[in-house]
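Novice: Let me see the structure of the following:
(chains A and B)
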Amino acid sequence: GAGVSQSPSNKVTEKGKDVELRCDPISGHTALYWYRQRLGQGLEFLIYFQGNSAPDKSGLPSDRFSAERTGESVSTLTIQRTQQEDSAVYLCASSLPPGGAPRDTQYFGPGTRLTVL
Amino acid sequence: ELKVEQNPLFLSMQEGKNYTIYCNYSTTSDRLYWYRQDPGKSLESLFVLLSNGAVKQEGRLMASLDTKARLSTLHITAAVHDLSATYFCAVAATSGTYKYIFGTGTRLKVLA
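Specialist: Down below sits the predicted model:
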């Protein structure tokens, strides 16, 4: 079946502009995660959605970052007034409803490479 | 706050050799994952380890977990070039949560 998809695959923007990144999770996956991966580094947790529960936003680095999710489907990550330090690959992952591993194995999308000039 | 450390960060090894990658974490957790990332690609799940003493094997890779030592290892046996990738461990932040903290990754290069 289809995996996690993300769009756009690449985004180049100017400092100060807003950007919106999209994630389409695997059908039936109620859990959705956003991560940031800077060049040559590990993954930095940003936000987690699970069903209709309040999202865990504890990883968002500033109030310029926000994310929404429509039901149990598409999610968008919005970065306002982008800065050069926002340049990174933004990865989305989805998993089955949490209930113990390996159900919560995360399946990752290909990522969106964001470059802020 | 949970911290996850991997070592080494970089590993260059000859084909046919064995080596171990280490993942240490700072607080208790009830699950640990290993992922592989090929250059320019996304992450692929390799193993999930749930209990003390758990061992999983797939091909030339074997992962183990010691929850008392808060340590997981990924052992590579008779490395081949196709294993060249970056390997990440990921630990659930606290029991019952689904926020994962990733290690910094180990970039493995297997030389022919």
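Novice: Given the helix or strand bottoming out on mean pLDDT in chain B, what are its sheet partners and their directions?
Specialist: Every helix and strand in chain B was compared by mean pLDDT, DSSP states H and E; the lowest is strand B:100-102, with a mean of 89. Note on strand B:100-102: by DSSP bridges, its sheet partners are strand B:85-92 (antiparallel).
Novice: Tell me how far the strand it pairs with lies from the chain's centre.
Specialist: The chain centre lies 5 Å from the centre of strand B:85-92; the measure is Cα atoms, centre = their mean, to the nearest Å.
Novice: Which parts of chain A are strands?
Specialist: When secondary structure is read from DSSP state E, chain A shows strands at A:5-7, A:10-13, A:19-24, A:31-37, A:43-50, A:65-69, A:75-79, A:88-95, A:107-108, A:112-116.
Novice: can you redo these as a markdown table with distance to chain B?
Specialist: The C-beta positions use only the backbone N, C-alpha and C, and glycine is treated the same way. Supplementary listing: the strands of chain A in a markdown table, determined by distance: least, Cβ to the nearest Cβ, whole Å:
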| stretch | distance to chain B |
| --- | --- |
| strand A:5-7 | 9 |
| strand A:10-13 | 12 |
| strand A:19-24 | 12 |
| strand A:31-37 | 6 |
| strand A:43-50 | 4 |
| strand A:65-69 | 14 |
| strand A:75-79 | 15 |
| strand A:88-95 | 6 |
| strand A:107-108 | 4 |
| strand A:112-116 | 9 |
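Novice: out of the ones you listed, nearest to B:L111?
Specialist: Nearest to B:L111, of all the strands of chain A, is strand A:31-37, at 25.8 Å by Cβ to Cβ.
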